[in-house]
Structure formats: C-alpha cells, structure tokens
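A.B. asks: Output the structure for:
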Amino acid sequence: MLEIKVLGSGCPNCIKLEKLCREALIESGLDGKVEKLTTQADFDRYGIWMTPALIINEKILLQGKLPTKNTLLNWMKKAN
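C.D. replies: Numbering: from 1, shown residues only. I've put the predicted structure just below:
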C-alpha cells in the first residue's frame, strides 16, 4: 500500500496537490492512502523548506511546486 503524504499549510497549491494525489491514486487503481500534514513540526521532521511537498513511502519527491498528473502517476507506480 502506498503511503502518500502532502505537506502544506493550506495554500492553493497545497490543496491542488492533495486533490491531484487523490485523483491519481483512483486513476491508477493502486492501493494507497493520502495524508495531509500541515504543522511546522511535520515540515521540520522531514526537512521540508518549501511547500507544497510530496512524500511517497517516506521518500521526498517534490518541494515547492506541482507535478503533472503523468509524473505523479509514474512516481506512484514506481513506488508500488
């Protein structure tokens, strides 16, 4: 099962990334869950300096920008 974590304080791009992750997970048919982390303690624990950030299976894949849906799907398939 994929463990997808979206880190962000609630800005429009953070919200978009969370939505994009949920859509991509459904489209891919993979088993997984999306968790939203919003506190500074969460950011510090993972060493995140820019949001939104994306972590799949405890691997930081993105900070400070949005991926395309195709890129996100590829990351999910590789992590599975």
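A.B. asks: Please count neighbours and contacts with C-alpha atoms only from this point.
C.D. replies: Will do.
A.B. asks: Going by residue numbers, what spans are helices in this structure?
C.D. replies: For the chain, the helices defined by DSSP state H occupy 12-28, 40-46, 69-79.
A.B. asks: Could you point out which of the ones you listed sits nearest E3?
C.D. replies: Closest to E3 of the helices of the chain, according to CA to CA: helix 69-79, at 9.4 Å.
A.B. asks: and E3, what are its bridge partners?
C.D. replies: Using DSSP bridges, the bridge partners assigned to E3 are K33.
A.B. asks: which one of the helices of the chain lies closest to I56?
C.D. replies: helix 69-79 (7.1 Å).
A.B. asks: got the CA positions of the closest one in PDB?
C.D. replies: Taking C-alpha atoms only, helix 69-79 is exported to PDB below (Å, rounded to 0.1, in the frame of the first residue of the first chain):
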ATOM      1  CA  LYS A  69      -0.500  14.200 -13.300                       C
ATOM      2  CA  ASN A  70       1.600  11.900 -15.500                       C
ATOM      3  CA  THR A  71       4.700  12.500 -13.400                       C
ATOM      4  CA  LEU A  72       2.700  11.700 -10.300                       C
ATOM      5  CA  LEU A  73       1.300   8.500 -11.700                       C
ATOM      6  CA  ASN A  74       4.800   7.400 -12.700                       C
ATOM      7  CA  TRP A  75       6.100   8.000  -9.200                       C
ATOM      8  CA  MET A  76       3.200   6.100  -7.700                       C
ATOM      9  CA  LYS A  77       3.700   3.100 -10.000                       C
ATOM     10  CA  LYS A  78       7.500   3.100  -9.300                       C
ATOM     11  CA  ALA A  79       6.900   3.300  -5.500                       C
END
